[in-house]
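>>> Quick one: sequence and predicted model below, then my questions.
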Amino acid sequence: MSKRRRVGDHLDDQYLRSVDRISNLPWHILDDILGRLPIKDAVRTTILSKQWRNKWFDLSKLHFDDSSLSRRGGCKLADVNLLVNLVYHVLLCHRGPIHTFSLSTFYQPRFSDLDYWISFISRKNIKELAFGLSIGFNTIDEYVIPPSLFSCQQLTHLHLKNATLFPPYTFPGFRNLVSLRLNNYTNYHDELTNLIRKCPVLERVELDNFQNYFCLKIEALKLKYLLLNGILGVIVLKNCPVLADVSMIMVSGFFPMCSFQRRRDPPPFLLLLGSSSQSEEPYITWILPEDSQVTTWAPASSLPCVKVQS
Amino acid sequence: MAIMYALKSSDNEIFEVEQKVIEQSETIKKMIEDGAATGEIPLQVSSKTLAKVLEWCKQRQHKTVENENDDNKGKRKKERDEDDDIKEWENKFSDELKADKDVLFDLLLASNYLDLPALLSFLCQLVADMVAGKMPEEIRRMFNIENDFTPEEEKAITAEHGWAFQP
């Protein structure tokens, strides 16, 4: 049939002798393997044999991206319908829990579709959610995550791009959230401060392309890693006793002021960063080991790379 | 002096291994903690597979120890070199497994049984990389899966999930 197999023809005997091992692997191993594939590859296993016919219905990890779409003729606006249809197709076929759901797309599905999907997966025991959206070319509105997500108490990872969060006042917090990553998030008020405060086991906070027009207070007892990139404004780190690694990348000439305050000690660390007037973006990494006793003051513009260690 | 344990494979071969190396296996660690592991530790793994498992564990152990001993100064460069070494080692390990898929699947089941999450994850990624982007006929051939659909059934399924079969 296909010419490229000719290379392996001499191996045919070996193939005939060997048995089909993959089809009989325990489901959790197969689930792990299939969960590492783009959804298109995972769904295509349906045709391997009768044993494989329905395996993908039970996948606990679903990854959607634009590679699921046909490659002919590059990206077209109309392709968004293909993407939307295939997400519905997979979700309607799916049975059982969905632990991981990721969507990363250049297109912008309708907000109502996104709402349906989140509402659906919110009832599927979701643990890791990654929603990477594009800034709309047909709308200037930001996508707001629907309230149903805030009931997902199993959630451990929440990664959003071009989406915003308004936790309801009654939001009890994500008790299991370990990693929060927001890309292109604008902080106008205290939602983010409250969200972070209500996640008791949060270890990683990454705010990429962050625009901060309000004081962001980060209070997280388990926080180990913090990435801040963007217009940082005023950020106060408070009660972060195990914070070990802070990366800050600033993009414009604001006057970001950060104060770092330990719970027990008097404030051992106060960093006041001056404005950066130069065109080059300052790149600053703080590394704060457990017992650092450092007080420093530095204008960001004069220090393209600052590492502070005890 | 490192504490040694004797592991006994299903075909009765004995492997003398350092405690630190085998403690990566949650299953064995638990056996040791429970005190079930006096003398030889019997495992339902063939000697061929067990040797491969230990090869992996020793490589991992090597890496962990070196990282602990490093101080932060000059670490980056050294780390990069080490990462390259590990990559090279892993590539060789992967190639061997790709060439002998029976060993690959034995190792998958062993890593599951011995509860070695890092190895399991590595192998799952390896199989996923082998499958990714391949057409069904190639996958069947690679893993000796028998196609028991009639051509009509196959056509119907392809039509049902049309988008997944487009190039």
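Done, it's in. Numbering: from 1, shown residues only, chains lettered A, B, ... in the order given.

>>> Point out where the stretch 201-310 of chain A drops to low pLDDT.
By pLDDT under 70, the weakly predicted segments of the stretch 201-310 of chain A are A:232-233, A:249-310.

>>> Where does residue 88 fall, secondary structure wise?
As the question left the chain open, I've gone with chain A. Applying DSSP states H and E as the criterion places residue A:88 in helix A:79-93.

>>> My question was about chain B, not that one.
Residue B:88 is part of helix B:75-99 when elements are defined by DSSP H and E.

>>> Return the list of helices and strands in contact with that helix.
Counting contacts by 3 or more CB pairs under 8 Å, 6 or more residues apart in numbering or on different chains; DSSP states H and E, helix B:75-99 packs against helix B:47-69, helix B:101-113, helix B:117-131. The way it works is simple: take the backbone N, C-alpha and C, and place the C-beta from them, glycine included.

>>> Taking the centroid of chain B, which residue is nearest it?
With distances taken as CA atoms, centre = their mean, chain B has residue B:119 as the residue nearest its mean C-alpha position (3.8 Å).

>>> Mind checking what secondary structure residue A:159 has?
The three-state assignment at residue A:159 reads strand, by DSSP: H, G, I helix; E, B strand; the rest coil.

>>> measure it to residue B:140 for me?
According to CB to CB, to the nearest Å, residue A:159 and residue B:140 sit 35 Å apart.

>>> Next: residue A:41.
Counting by CB to CB, the gap from residue A:41 to residue B:140 is 14 Å.

>>> quick one, which of these two is more surrounded?
Set residue A:41 next to residue B:140 and count neighbours by other CB atoms under 10 Å in any protein chain shown: residue A:41 wins out with 22 against 19.

>>> Surely that one and residue B:133 touch.
Yes: taking contacts as CB atoms under 8 Å, residue A:41 lies within contact range of residue B:133: 6.7 Å.

>>> just to revisit the earlier point, packing partners of the helix holding residue A:88?
With contacts taken as 3+ CB pairs under 8 Å, 6+ apart, helix A:79-93 sits against helix A:39-44, strand A:61-65, helix A:111-122, helix B:162-165.

>>> hang on, the earlier thing: identify the residues contacting the residue nearest to the centre of chain B.
B:53, B:56-57, B:107, B:111 (CB atoms under 8 Å, 6 or more residues apart in numbering or on different chains).

>>> circling back: the helix holding residue A:88 to strand A:61-65, inter-axis angle?
170 degrees (axes from the mean of the first three to the mean of the last three CA atoms, to 10 degrees).

>>> Packed most tightly, which of the helices and strands packed on helix A:79-93 would that be?
For the helices and strands packed on helix A:79-93, the largest average neighbour count (mean count of other CB atoms under 10 Å in any protein chain shown) is found in helix A:39-44, namely a mean of 24.

>>> Quick one: end-to-end length of stretch B:125-145, please.
With CA to CA, to the nearest Å as the measure, stretch B:125-145 spans 20 Å from end to end.

>>> Return the set of buried residues in that stretch.
For stretch B:125-145, a neighbour-count test (16 or more other CB atoms under 10 Å in any protein chain shown) marks B:126-128, B:130-131, B:136, B:139-145 as buried.

>>> Kindly report the same for stretch A:210-228.
Neighbour counts over stretch A:210-228 (16+ other CB under 10 Å) mark A:210-212, A:214, A:216-220, A:223-224, A:226-228 as buried.

>>> Tell me the one among those nearest to chain B.
residue A:224 (16.4 Å; CB to the nearest CB).

>>> beta partners of the nearest residue to residue A:64 once chain neighbours are set aside?
Spatial nearest neighbour of residue A:64, excluding adjacent residues (CB to CB, 6 or more residues apart in numbering or on different chains): residue A:103 at 4.7 Å. For residue A:103, the beta-bridge partners are residue A:64, residue A:131 (DSSP bridges).

>>> Let me know the pLDDT of residue B:103.
Note for residue B:103: predicted pLDDT of 91.

>>> To clarify, my last question referred to residue A:183.
93.

>>> ok, now residue B:30?
So residue B:30 comes in at 86 (pLDDT).

>>> Return the residues in contact with it.
Contacts of residue B:30 (CB under 8 Å, 6+ apart): none.

>>> before we move on, what about residue B:165?
A:44, A:47, B:158.

>>> for the last one, what are its contacts?
Contact criterion CB under 8 Å, 6+ apart gives A:47, B:165 as the residues in contact with residue B:158.

>>> looking at this, it is in a strand?
No: Residue B:158 sits outside any strand when classified using three-state DSSP, being helix.

>>> Tell me how far it lies from residue A:43.
For residue B:158 relative to residue A:43 (CB to CB), the value is 11 Å.

>>> same thing with residue A:162?
For residue A:162, the distance to residue A:43 - CB to CB - is 26 Å.

>>> Chain A contacts on chain B?
Within chain B, the positions adjacent to chain A are B:72, B:101-102, B:105, B:108-109, B:112, B:120-121, B:124-125, B:127-128, B:131-137, B:139-141, B:143-149, B:154, B:157-158, B:161, B:163-167 by CB under 8 Å from any CB of the partner chain.

>>> in the stretch 101-250 of chain A, which spans are helices?
A:111-122, A:191-197 (DSSP state H, counting those that start in this stretch).

>>> Of all those helices, which one comes closest to chain B?
Of all the helices of the stretch 101-250 of chain A, helix A:111-122 comes closest under CB to the nearest CB, at 16.4 Å.

>>> the inter-axis angle of that closest one versus strand A:61-65?
Using the same axes, to 10 degrees: helix A:111-122 against strand A:61-65 is 160 degrees.

>>> can you list the residues that contact helix A:111-122?
A:84, A:87-88, A:91, A:98, A:101, A:103, A:129, A:131, A:133, A:141, A:143-146, A:148-149, A:151-152.

>>> what does stretch A:148-156 give?
Against stretch A:148-156 from outside (CB under 8 Å, 6+ apart): A:118-119, A:122-123, A:125-129, A:167-168, A:171-172, A:174-179.
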